[in-house]
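*Asks:* Give me a model of this one.
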Amino acid sequence: MAVDILIDKLTDCLVERSTGERVETEYRMRAMSIQPKDYKGWKFDWSKTEKAGYNIYELFLVGDDTVQGRISLRIDGGVADVDIVESAPHNYSHTGKYQGVGGHLFAIACQISMEAGCDGYVAFTAKSDLITYYSRVLNAQVARGQRMFLDEIAAEILLDKYIRK
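*Replies:* Down below sits the predicted model:
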C-alpha cells in the first residue's frame, strides 16, 4: 500500500494544538486482532494489513487508551517494512487535536527496526506526489520508483525527537 500521511510538524513528542503543551506518549503492538469497530471512521481497512502479516502498533497518550495513530509494519529483508501509517481521525490535517503524530509513528518504526537489529532502517512505498515531501520532512531517500527508506541517520533524528526523551 502507498503511504500518504502528512507530517504536520516534527515535534518533541506530541503537542496539543490548542494549548501548545507537550504531552507524554507510549505505544504498544496490538495484542488482539483488529475489528471493524476499532477503525470505524479511519481511512484504511486495518484488517487487510494484519491479514497480510503486518503487526499494528498504536500510539497513545500516557494514561489514556484513546488511539492517536497507527502504523503497520513487519521486519522483512533487514528493514522494518511499513504498509500503512495513519493519524486517528481526530488528528487529521492541520486542524487535528495533536501535532506530531505522523513523525512519531515513523519513529516507532525506527525503534522497532533498531530492536530487530536492522539499524533503524525503515522502508515504505510513498504515493508518487509525496516522494519529494518525505525526502524533505523525514530525510527519506528513494530506493527505486516510489519505494523509499529511512537510513540510520534519519532514524536517529526521529528517535531523538520522539522516543529518547
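
*Asks:* what ranges do the strands span in the chain?
*Replies:* Along the chain, the segments classed as strands by DSSP state E run 2-3, 14-16, 22-23, 25-29, 55-61, 69-76, 79-87, 98-99, 122-126, 141-144, 147-150.

*Asks:* okay if I get these as TSV plus mean neighbour count and distance to residue 105?
*Replies:* All C-beta atoms are positioned from the backbone trio N, CA, C, and that covers glycine. Shown next, in TSV, are those (neighbours: other Cβ atoms under 10 Å; distance: least, Cβ to Cβ, whole Å):
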stretch	mean neighbour count	distance to residue 105
strand 2-3	18	10
strand 14-16	19	11
strand 22-23	16	15
strand 25-29	16	9
strand 55-61	20	6
strand 69-76	22	4
strand 79-87	25	5
strand 98-99	23	12
strand 122-126	23	11
strand 141-144	12	19
strand 147-150	20	12
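
*Asks:* Show me the residue sitting in the middle of this protein in space.
*Replies:* residue 105 (2.4 Å; Cα atoms, centre = their mean).

*Asks:* what about residue 92, neighbour count?
*Replies:* 17 (other Cβ atoms under 10 Å).

*Asks:* Please apply the same query to residue 112.
*Replies:* When neighbours are counted by other Cβ under 10 Å, residue 112 registers 22.

*Asks:* what sits against the closest residue to residue 153 other than its chain neighbours?
*Replies:* Spatial nearest neighbour of residue 153, excluding adjacent residues (Cβ to Cβ, 6 or more residues apart in numbering): residue 139 at 6.9 Å. Counting by Cβ atoms under 8 Å, 6 or more residues apart in numbering, residue 139 touches 150, 153-154, 157.

*Asks:* Which among these count as buried?
*Replies:* 150, 154, 157 (16 or more other Cβ atoms under 10 Å).

*Asks:* Turn those into CSV, columns for distance to residue 55 and pLDDT.
*Replies:* Formatted as CSV, these follow (distance: Cβ to Cβ, whole Å; pLDDT from 0 to 100):
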residue, distance to residue 55, pLDDT
150, 18, 97
154, 21, 96
157, 24, 92
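
*Asks:* export those to a markdown table and tack on distance to residue 74?
*Replies:* Below are the buried ones among the contacts of residue 139 laid out as a markdown table (distance: Cβ to Cβ, whole Å):
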| residue | distance to residue 74 |
| --- | --- |
| 150 | 16 |
| 154 | 20 |
| 157 | 23 |
